[in-house]
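Asks: Return a 3D structure for these sequence lines:
(chains A, B, C and D)
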Number of protein chains: 4
Amino acid sequence: MTVRVGVLGATGAVGQRLIQLIDPHPDFELATVTASSDSEGKSYREAAKWRVESPIPADVAEMTVHETDPEDVPSDVDLLFSSLPSSVGEAVEPAFVEAGYVVSSNSSNFRTDDDIPLTIPEVNADHLGLIEVQRDERGWDGALVKNPNCSTITMVPPLAALNDEFGLTDVRVSTLQAVSGAGYSGVTSMEIIDNAIPHIGGEEQKMETESQKLLGEFDGAEVQWHDADVAASCNRIPTLDGHLENVWTDTEADVTPEAAAEAMGEYPSLDLHSSPDQLIKVFEEPDRPQPRMDRMAENGMQVSAGGLRETTDGVQFNCLAHNTLRGAAGASLLNGELLLEEGYL
Amino acid sequence: MTVRVGVLGATGAVGQRLIQLIDPHPDFELATVTASSDSEGKSYREAAKWRVESPIPADVAEMTVHETDPEDVPSDVDLLFSSLPSSVGEAVEPAFVEAGYVVSSNSSNFRTDDDIPLTIPEVNADHLGLIEVQRDERGWDGALVKNPNCSTITMVPPLAALNDEFGLTDVRVSTLQAVSGAGYSGVTSMEIIDNAIPHIGGEEQKMETESQKLLGEFDGAEVQWHDADVAASCNRIPTLDGHLENVWTDTEADVTPEAAAEAMGEYPSLDLHSSPDQLIKVFEEPDRPQPRMDRMAENGMQVSAGGLRETTDGVQFNCLAHNTLRGAAGASLLNGELLLEEGYL
Amino acid sequence: MTVRVGVLGATGAVGQRLIQLIDPHPDFELATVTASSDSEGKSYREAAKWRVESPIPADVAEMTVHETDPEDVPSDVDLLFSSLPSSVGEAVEPAFVEAGYVVSSNSSNFRTDDDIPLTIPEVNADHLGLIEVQRDERGWDGALVKNPNCSTITMVPPLAALNDEFGLTDVRVSTLQAVSGAGYSGVTSMEIIDNAIPHIGGEEQKMETESQKLLGEFDGAEVQWHDADVAASCNRIPTLDGHLENVWTDTEADVTPEAAAEAMGEYPSLDLHSSPDQLIKVFEEPDRPQPRMDRMAENGMQVSAGGLRETTDGVQFNCLAHNTLRGAAGASLLNGELLLEEGYL
Amino acid sequence: MTVRVGVLGATGAVGQRLIQLIDPHPDFELATVTASSDSEGKSYREAAKWRVESPIPADVAEMTVHETDPEDVPSDVDLLFSSLPSSVGEAVEPAFVEAGYVVSSNSSNFRTDDDIPLTIPEVNADHLGLIEVQRDERGWDGALVKNPNCSTITMVPPLAALNDEFGLTDVRVSTLQAVSGAGYSGVTSMEIIDNAIPHIGGEEQKMETESQKLLGEFDGAEVQWHDADVAASCNRIPTLDGHLENVWTDTEADVTPEAAAEAMGEYPSLDLHSSPDQLIKVFEEPDRPQPRMDRMAENGMQVSAGGLRETTDGVQFNCLAHNTLRGAAGASLLNGELLLEEGYL
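Replies: Predicted coordinates for the structure are as follows:
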């Protein structure tokens, strides 16, 4: 039996990826798509300027786009994926949850709120316990779960592996981020060809705070954020997909590159439909992972790592993930699969 | 009165840039060009596949290329610029210096040898004092001076500014390096379009050791290397020219972004012909410097910085320089100008 | 004595290039800049997101931006350069000319109107005679002169050289156009990295009609359009600046590649300030001209050609010009210089 | 029952694609791989610097690489795919065919020889009849069949569709070719980033002659080459895969864009394993096909067309195919499948 799902903000870049992933999904059946009022009443084909390289799924193409309003979503839909702009998400997501919907959201609003679970299923599935807290405090019937920013998702699985074994105290991360992370029109060609941009507004802060929450301990009532000192520097470069990151970590316990590689490679994945068989692949070749070569590993859901070197107080390494799959649409989908598995639907 | 100079390894990428810079130089007159034995006897036009965007200087085009051998260089040449492959440099540079030539070399061999000055004129001109040491120890008549690797040169001026004021203890640096740093054929298009490569063989080590030597103190006999802990992670990205770097520093004294910016912006330049008026330009805009926008500042000889943020134990910042001008050909030229100014010719 | 000039639409990509070119111009003095009402009252520095690689001229930075309205332009300004969006140009350019201003416009509106001169000074300066016609017919005091589209400008000089000597009957042209031709935000990075777009809306038609008008004969009353059959296919590729074009021509008279090269290389330039010494440089190397290597030839105002080969009924060749210099801002400036030289100011 | 096959020149770019395609093939079983003598005796994993984005097939990785010599190929191998450099192919392919092997070759040598079939299965499968001629004339036991150059393959299917219905008299083609067409190291990043190269040595001639042979009639004894006048202009652009081409055709019969689109869309495919369901997809959107969006259509074996416009004497259109799949490795494979189907193995 499949769950009827909807996509809020279905015409954007992440929304299109969600459509592409949901279409063949064994457990989810797409029942509704919403967008801004400009698109209301149009067919999805008309409303979405389809940019994904595989064709638009035939049955979705003719679906009618609704406004992003709880009254316009069929009541037999159980799960909504949200890829709304954060300002819109902030305004309308609570209305959907009040109306009883379970929402798995990629939008950045509320991510660091105390009672909102921010989850990567393989890392901190237990944070879903916050749903009880949010229902208590907000009187919600549904539930709101967030996935982190794409650049945060890329580094947190290897950081979690190190933290479990060696205890993190200090993280420095420099990112080389793909243009798709800014949406289809976010980066102009004149900005980025033969260039790089050493700042992405708000991104550094997201990496610094979201990672502390993700690595935090949920004690049944609240998440005790991790106290590692995290400092990020975010760069946009001329690649299409795949965020590559250079990370330095200081650890409490002594760590060797070999022990770090083992901790990463053996960090457990889950049995969810979209989880990779191996969560973190560790390359021995020093020049891997590379965005174009490795972003599609395990359907774009694996995190790759490599370049492990010893430093005075820990290890440095590189990591990579597909920013719109593992880092956005796939992340929301995975949270939806976790919500189903854990009985929240 | 001009100094007669030669270029060893004149047909390569850095050699071509040297030719372009020497041609209009007020103090230097190009008297000879050398290359590998394949090119011997050809005109420079034939031997060099000219890649610089301005045309090949007319008088240089018809010069005859000689083998890279002291016997083939006219004795009235006083200064040689070397952009030889390091394995060749290691073999032949000593022969030139023994024969009495002063050599300003961009090749990576010998850079960290005890008696070889490794200099950025605006930063550690006093290290030229090692020339006396090398003459004593090796019985050389000439002199051999090195400039650092292009990625090292980019970060050392701002690091020196911070070190002078606040004392460096710890440096983490992540680089976004242009393809021209690997020479004309060093990076294939299939490797780098829509991609990034998180490792450049030997480059991390060069940054870590060369920066310690450059920031060291010369006591009249030897250079006491700086003991800052430096860890580098080097990446190749799809830009043509200009290395961008993200740097985190821990300092002994307290430092604010404002104080760090002031230290950088006021760090003195020199009056050498190729020195920029201002050595380090500090941007307030958080998304600058960018390679394509800022690499040609002050004829490609200025270092740009920006993105200053406070960290727990210091400041983080970004910096950028043109890798084949400030970082290679211009660096060698500047050392040549310093050698002239200091009376070594 | 300098002419006081203004730029209409000064904050856009072509407007910025115009500012850059006018600032050091010996005959023109920038007196006013206009933009849309959003920018009114702001300093130019605030209103223009400056994208040109050289810094914004200091005196221009503090100029106040006015609305694009004849009443807001000082009456002692004699010449206006227009880089307005064509819909805006269509609405307001006539008002400026009625008010007595001479307008040299890069906007595409009116280009093929019977009484509007469409000129490349070195090719059809005599078409300025249409100014008398437009004054008679429209009762204008000023004058309105247009330059062609950037892709048209690139091929017309070599076509004119061939037409003068051999008579054109048939032209096929395929373009490889740079992203800057679409303005700063015209092409997103997601559209063009690792891609090419085989269509540019309206561009094919502009090339086909504008070239016939440019190559036409002015008989004192009207321009008899050239009757060559011109068919264009326009492509956008991932280059920043410089349009490269492959052209096939059929000619009335027999033509060899050598004779064609001679006709092109000897086609006369003018003595205007911005005209190149040689209008068309013809390369012998079969792989030239190339955008990055040749677009800046003679300050971006030279047209390059190469790849001449004999075909059954004529010759094929490649040509290239800098699309925002020779093809847009420089083209308007050159028309302004011609208007000054010919006494229209 | 599967056919045992080998790949000559298995470590190069096309060889790697062949390995990737043969590995899951239902009718072919990879039995041997050869390369130059440098690689002899190494495992394929060691010898091939694997560049394909999917991992190297596990069983192939451990195969031993042999020298490219008939004596080193097992005698129970029936079919050899050759992606040798053309100079090597010219030297060794005859030896393999004399020794009785059937060779399906992508190498450019012998392509226009009278008794060598040059085939695109869907277009001119009957040219295989030349195998009898070559056996008679050369005394060969095996057979040698060639596929055309990647840029030729892209345009010939749509040209064949037009020729069948309307009769071609004149073809002009301008190409925008991907860097992978030159092999992994064929185009350096310094050559092509922010650039385009308006010439590919030998490519124009290949397109002009190979297309005439492919469109020719086989009369049982020889191929009467088509007499259409074909002129090509070939350009390299910064895309990874997928050749895009602008084509103008003059035809004997009147043709409309609609009739041309119908002829292309209905041009029959074959039932071979690697043939696409539809050989030529015709887009109505004027800005398609695009390399990144359309190169992988039907596993990279479909040809896409679009941009149909009427010209004075025919139609112009754009076409696209994946240059290393439909245009090289897939082309050789398809010829192998045809040879099997037609009983030559």
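
Asks: So which bits of chain A are right by chain C?
Replies: A:51, A:179-180, A:184-194, A:238-240 (CB under 8 Å from any CB of the partner chain). Using the backbone N, CA and C atoms, a C-beta is placed for each residue, glycine as well.

Asks: which element is residue A:84 on?
Replies: Assigning secondary structure by DSSP states H and E places residue A:84 outside every helix and strand.

Asks: what packs against the longest helix along chain A?
Replies: Using DSSP state H to assign secondary structure, the helix with the most residues in chain A is helix A:150-166. Applying 3 or more CB pairs under 8 Å, 6 or more residues apart in numbering or on different chains; DSSP states H and E, one finds that helix A:150-166 makes contact with helix A:121-124, strand A:168-177, helix A:203-214, strand A:243-251, helix A:257-265, strand A:280-282, strand A:303-311, strand A:314-321.

Asks: ok, and for that helix, which residues are buried?
Replies: When burial is assessed from 16 or more other CB atoms under 10 Å in any protein chain shown, helix A:150-166 yields the following buried residues: A:150-163, A:165-166.

Asks: of these, closest to chain D?
Replies: Proximity of those to chain D, judged by CB to the nearest CB, is greatest for residue A:154, which lies at 19.0 Å.

Asks: Return the residues in contact with the spatially closest residue to the closest one that is not a sequence neighbour.
Replies: Leaving aside its sequence neighbours, residue A:154 sits nearest to residue A:321 (CB to CB, 6 or more residues apart in numbering or on different chains; 4.2 Å). The neighbourhood of residue A:321, defined by CB atoms under 8 Å, 6 or more residues apart in numbering or on different chains, consists of A:150, A:153-154, A:242-243, A:295, A:300, A:302-304, A:327.

Asks: tell me which of those is nearest to chain B?
Replies: Using CB to the nearest CB, residue A:242 is the member of those that sits closest to chain B, with 8.4 Å.

Asks: Next, the contact list for the closest one, please.
Replies: With contacts defined as CB under 8 Å, 6+ apart, residue A:242 is in contact with A:178, A:291-292, A:294-295, A:320-323.

Asks: Make CSV out of these and add pLDDT.
Replies: Listed next are the contacts of residue A:242 as CSV, based on pLDDT from 0 to 100:
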residue, pLDDT
A:178, 98
A:291, 98
A:292, 97
A:294, 97
A:295, 97
A:320, 98
A:321, 98
A:322, 98
A:323, 98
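
Asks: Tell me the one among those residues nearest to residue C:134.
Replies: Within the contacts of residue A:242, the smallest distance to residue C:134 is 51.6 Å, found for residue A:178 (CB to CB).

Asks: Show the backbone phi and psi for that closest one.
Replies: Residue A:178 has phi and psi values of phi -80, psi 160 when expressed as degrees, to the nearest 10.

Asks: okay but it is in contact with residue A:245, surely?
Replies: No. Under the criterion of CB atoms under 8 Å, residue A:178 lies out of contact with residue A:245, with a separation of 11.6 Å.

Asks: Going by neighbour count, list what's buried in stretch A:24-35.
Replies: Buried residues in stretch A:24-35, counting neighbours by 16+ other CB under 10 Å, are found at A:25, A:27-28, A:30-35.

Asks: From the chain's centroid, how far away is that stretch?
Replies: 18 Å (CA atoms, centre = their mean, to the nearest Å).

Asks: Show the average pLDDT along it.
Replies: The predicted model assigns stretch A:24-35 a mean pLDDT of 97.

Asks: who touches the residue in chain A that chain B sits nearest to in this structure?
Replies: Among the residues of chain A, residue A:174 lies closest to chain B, at 3.4 Å counting by CB to the nearest CB. The contact partners of residue A:174, taken as CB under 8 Å, 6+ apart, are A:232-235, A:245-246, B:174, B:233, B:246.

Asks: ok so, going back, hey, which of the helices and strands packed on helix A:150-166 is tucked in deepest?
Replies: Looking across the helices and strands packed on helix A:150-166 with neighbours counted as mean count of other CB atoms under 10 Å in any protein chain shown, the highest average goes to strand A:314-321: a mean of 27.
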